[in-house]
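>>> Generate a structure from the sequence data that follows.
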Amino acid sequence: MGDALLGALALMLVIEGLLPFINPGAWRQVFARMLAMSDGQIRFIGLSSIIAGLLLYAFWG
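Numbering: from 1, shown residues only. All right, here's what the predicted structure looks like:
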């Protein structure tokens, strides 16, 4: 279980680092849009990510 969790964390970091590495300008624009969002919108995005991750884990894991 620990190895799988560490592998998932490593993969997440690689995926999260792709956009700022490949296109820093687009990353800045995305980040600026996020700063303009309300707390409710950010929470909805976070909740959606959690649900999507749990569903993927349930079907794949």
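
>>> which is the next helix or strand following the helix or strand of the chain with the lowest mean pLDDT?
None of the helices or strands of the chain scores lower by mean pLDDT, DSSP states H and E than helix 2-22, at a mean of 90. Later in the chain than helix 2-22, the nearest helix or strand by DSSP states H and E is helix 24-36.

>>> tell me which strands and helices that following helix is in contact with?
Helices and strands touching helix 24-36, by 3 or more C-beta pairs under 8 Å, 6 or more residues apart in numbering; DSSP states H and E, are helix 2-22. For the C-beta atoms, the positions are set from N, CA and C on the backbone; glycine is no exception.

>>> let's see 10 Å
helix 2-22, helix 39-60 (3 or more C-beta pairs under 10 Å, 6 or more residues apart in numbering; DSSP states H and E).

>>> Just the angle for that helix relative to helix 39-60, thanks.
Comparing the axes of helix 24-36 and helix 39-60 via axes from the mean of the first three to the mean of the last three C-alpha atoms, to 10 degrees yields an angle of 120 degrees.

>>> one step back: could you list the residues in contact with the least confident helix or strand of the chain?
26-28, 30-31, 53, 57, 61 (C-beta atoms under 10 Å, 6 or more residues apart in numbering).

>>> Dump those residues into CSV; add pLDDT, neighbour count and distance to Asp39 as well.
Below are the contacts of helix 2-22 laid out as CSV (pLDDT from 0 to 100; neighbours: other C-beta atoms under 10 Å; distance: C-beta to C-beta, whole Å):
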residue, pLDDT, neighbour count, distance to Asp39
Ala26, 94, 11, 24
Trp27, 93, 15, 22
Arg28, 95, 11, 21
Val30, 92, 13, 18
Phe31, 90, 11, 16
Gly53, 88, 12, 21
Tyr57, 84, 11, 27
Gly61, 65, 8, 31
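
>>> Is it possible to get TSV of the residues you listed that adds distance to Ser38?
Converted to TSV, the contacts of helix 2-22 look like this (distance: C-beta to C-beta, whole Å):
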residue	distance to Ser38
Ala26	22
Trp27	21
Arg28	20
Val30	16
Phe31	16
Gly53	23
Tyr57	29
Gly61	33
